[in-house]
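Asker: Predicted model, plus sequence, below.
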Amino acid sequence: MVFDSSLLMARGLIGVTAGVLTFLWPGLTIAALVILFGLYALIDGITNVFIGVKTQPATNKRSWITIIQGIVGITAGVLTFVWPGITALALLLLVGAWAMVTGVFQIVAAIKLRKEIRGEWLLAMSGVLSIVFGVLLFISPGLGAIGIAWALAAYAIASGAVLVALGVRLRTHQTLSPA
């Protein structure tokens with residue numbers, strides 16, 4: 001397995017950019033995430049109800065499971081707009097879980113790549129940062145929406161900078177190595 005240094009650097013620059021924008025507009029970031037989730041759940045739910053109500057050609061029956069799934073989606077979408085604070089907390093916990101899982105996979109990848117690339121410790125460090133970030137979100141969910149946004153921004157900038165450094169190191173190594 002070999003990483004493309006350009007893609008790593010692009011991924012890192014996107015992370016740094018997202019982090020800087022989140023620092024500039026933390027409240028907007030949280031509100032946008034909540035609204036996007038609410039809209040997605042609502043539209044997905046409505047679509048599933050229509051799909052479920054439509055008679056299926058193969059069986060000539062309605063799909064009650066799809067209808068129920070749609071009702072759950074509509075309910076989640078409506079509740080998101082009724083209780084955006086609870087939705088923000090749930091999204092925070094989801095981001096925390098995602099960060100921890102991503103971190104574990106990055107560490108595993110770094111261990112597997114230690115004989116193939118130099119600087120694999122940078123990938124492992126990115127994984128450790130992800131895990132620490134996720135754990136902090138679970139330990140202190142009461143930091144508030146702005147604190148959460150700033151923590152996400154700091155993580156995105158730090159992780160992005162580490163990935164840019166890894167990409168630069170790999171690019172330098174690739175240009176020095178004989179083909």
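Answerer: Received, thanks. Residues are numbered from 1 along each chain as shown.
Asker: Where does pLDDT dip in this protein?
Answerer: Residues of the chain that meet the criterion pLDDT under 70 lie in 1-3, 55-58, 142-145, 174-179.
Asker: mind listing what's buried in whichever helix in it runs longest?
Answerer: The residue-count maximum for a helix in the chain (DSSP state H) belongs to helix 145-176. Residues 145, 148-153, 155-170 are the ones in helix 145-176 that count as buried (16 or more other C-beta atoms under 10 Å). Quick note: C-beta positions are derived from backbone N, CA and C, even for glycine.
Asker: Check the burial of the residue nearest to residue 173 when sequence neighbours are not counted by counting its neighbours.
Answerer: What sits nearest to residue 173 in space, not counting adjacent residues and going by C-beta to C-beta, 6 or more residues apart in numbering, is residue 118, at 5.4 Å. As a burial measure, residue 118 scores 14 neighbours (other C-beta atoms under 10 Å).
Asker: Surely residue 118 and residue 172 touch.
Answerer: No. At 9.3 Å, residue 118 does not count as touching residue 172 under the criterion of C-beta atoms under 8 Å.
Asker: Give me the distance between residue 4 and residue 132.
Answerer: With the distance defined as C-beta to C-beta, to the nearest Å, residue 4 ends up 27 Å from residue 132.
Asker: er, residue 154 actually
Answerer: 11 Å.
Asker: And residue 83, by the same measure?
Answerer: The spacing between residue 83 and residue 132, counted by C-beta to C-beta, is 29 Å.
Asker: can you check residue 93 too?
Answerer: According to C-beta to C-beta, residue 93 stands 16 Å off from residue 132.
Asker: List the contacts of the residue nearest to residue 173.
Answerer: 169, 170, 173 (C-beta atoms under 8 Å, 6 or more residues apart in numbering).
Asker: same thing but at 10 Å, please
Answerer: Residue 118 is in contact with 166, 169, 170, 172, 173, 177, counting by C-beta atoms under 10 Å, 6 or more residues apart in numbering.
Asker: Ok, residue 18 next?
Answerer: Residues in contact with residue 18 (C-beta under 10 Å, 6+ apart) are 29, 152, 153, 156, 157, 160.
Asker: How about the last one: what's its closest non-neighbour residue?
Answerer: Taking C-beta to C-beta, 6+ apart, and ignoring the residues beside it in sequence, residue 160 has residue 15 as its nearest neighbour in space, at 2.7 Å.
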